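Q: Sharing a sequence plus its predicted fold:
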Amino acid sequence: MTVDAELWVDPRIWEDVRRRLTELAVELHDAAQRPHAPGTVPLGVSVMAFPLQDPERPDPPSAG
């Protein structure tokens, strides 16, 4: 699963998605087992989601 996008969303949507991404990251970390444990699959997980600077606005967006 891969996503590469520049999106414009309502700040409330961004805060909700940011919260859920954090919850998913914590869930994966909490579920992690030792390498090669029976019944597990190896994963590579990289997630980056952040507000971009809008060149039409002088003040930076809230980092959340």
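A: Received the coordinates, thanks.

Q: Quick check: which element contains the most far-flung residue of the chain relative to its centre?
A: Most distant from the centre of the chain: residue 38, at 28.2 Å, with distances by C-alpha atoms, centre = their mean. Assigned by DSSP states H and E, residue 38 belongs to neither a helix nor a strand.

Q: Repeat that for the one 5 residues further on.
A: With secondary structure defined by DSSP H and E, residue 43 is part of neither a helix nor a strand.

Q: Equivalent analysis for the one 10 residues further on, please.
A: Element membership of residue 53 [criterion: DSSP H and E] is none; it lies in no helix or strand.

Q: got any ranges where this structure has weak pLDDT?
A: 58-64 (pLDDT under 70).

Q: how does it look with 80?
A: 57-64 (pLDDT under 80).

Q: what about the helices in it?
A: Assigned by DSSP state H, the chain shows helices spanning 11-31.

Q: How many neighbouring residues does residue 17 have?
A: 14 (other C-beta atoms under 10 Å). C-beta here means a position set from N, CA and C on the backbone, and glycine is covered the same way.

Q: Now that it has come up, it's in contact with residue 50, right?
A: No. Applying C-beta atoms under 8 Å, one finds residue 17 not in contact with residue 50, separated by 11.6 Å.

Q: Report the set of residues contacting both of those two.
A: Applying C-beta atoms under 8 Å, 6 or more residues apart in numbering, one finds that no residue jointly contacts residue 17 and residue 50.

Q: which residues does the residue farthest from the centre of the chain contact?
A: With the criterion set at C-beta under 8 Å, 6+ apart, residue 38 makes contact with nothing.

Q: What does residue 4 show for phi and psi?
A: phi -140, psi 110 (degrees, to the nearest 10).

Q: contacting residues around it?
A: Going by C-beta under 8 Å, 6+ apart, the list of residues near residue 4 is empty.
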